[in-house]
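A.B. asks: pasting the structure only:
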């Protein structure tokens, strides 16, 4: 099923306002939040058809995406902020070998991803620590598409790695 122009037209102003209101508190850009909600709506339309009350659904979806972003931001840690003792423990030969094996498995799984996911994930994993702007330029896609594309690729990667993790 596709989004009708009437549905898009009626929801766009509300989505812009709701995303602008929620974006700052969630630590994201309003455009990224809007794009994530449009994606959720497309998924909803494909699975279940249009929501009975699109405006109510949209408000709820914006808040859900904002909470998801806050949770992700809260769980992410900058490099070099390990607790005391972790750095020394990580230098033990077995740990180094296991870490190298995990990196190899991750790189192999990334190469098996569909579409442009391998290039995106390689850019995200790059030791050059590229910004979203640099990655978007390198891949030739808009910066606003990068977040949803990254989420989709990470979901594919998670599905690929789950059997390997369970077997390990």
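C.D. replies: The structure has been received and is ready for your questions. The model shown is predicted, which means the values in this text are computed figures rather than measured ones.
A.B. asks: how far away is residue 51 from residue 107?
C.D. replies: As judged by C-beta to C-beta, to the nearest Å, residue 51 and residue 107 stand 40 Å apart. Yep, even glycine has a C-beta here, placed from its N, CA and C like the rest.
A.B. asks: looking at those two, which one has more neighbours?
C.D. replies: Legend: neighbour count by other C-beta atoms under 10 Å for residue 51 and residue 107, higher for residue 51 (16 against 13).
A.B. asks: got a pLDDT number for the residue lying closest to that one once chain neighbours are set aside?
C.D. replies: Using C-beta to C-beta, 6 or more residues apart in numbering and skipping the chain neighbours, the partner closest in space to residue 51 is residue 57 (3.6 Å). pLDDT recorded at residue 57 is 94.
A.B. asks: I'd say residue 57 and residue 44 touch.
C.D. replies: Yes: here residue 57 reaches residue 44: they are 7.5 Å apart, a contact under C-beta atoms under 8 Å.
A.B. asks: still on that earlier bit, the residue nearest to residue 51 sits in which helix or strand?
C.D. replies: Taking DSSP states H and E as the criterion, residue 57 maps to helix 54-75.
A.B. asks: ok so, going back, can you count the residues close to the residue nearest to residue 51?
C.D. replies: For residue 57, using other C-beta under 10 Å, the count is 17.
A.B. asks: what sits against it?
C.D. replies: By C-beta atoms under 8 Å, 6 or more residues apart in numbering, the residues touching residue 57 are 41, 44, 51.
A.B. asks: now the end-to-end length of stretch 124-141.
C.D. replies: Length of stretch 124-141, first residue to last, C-alpha to C-alpha, to the nearest Å: 14 Å.
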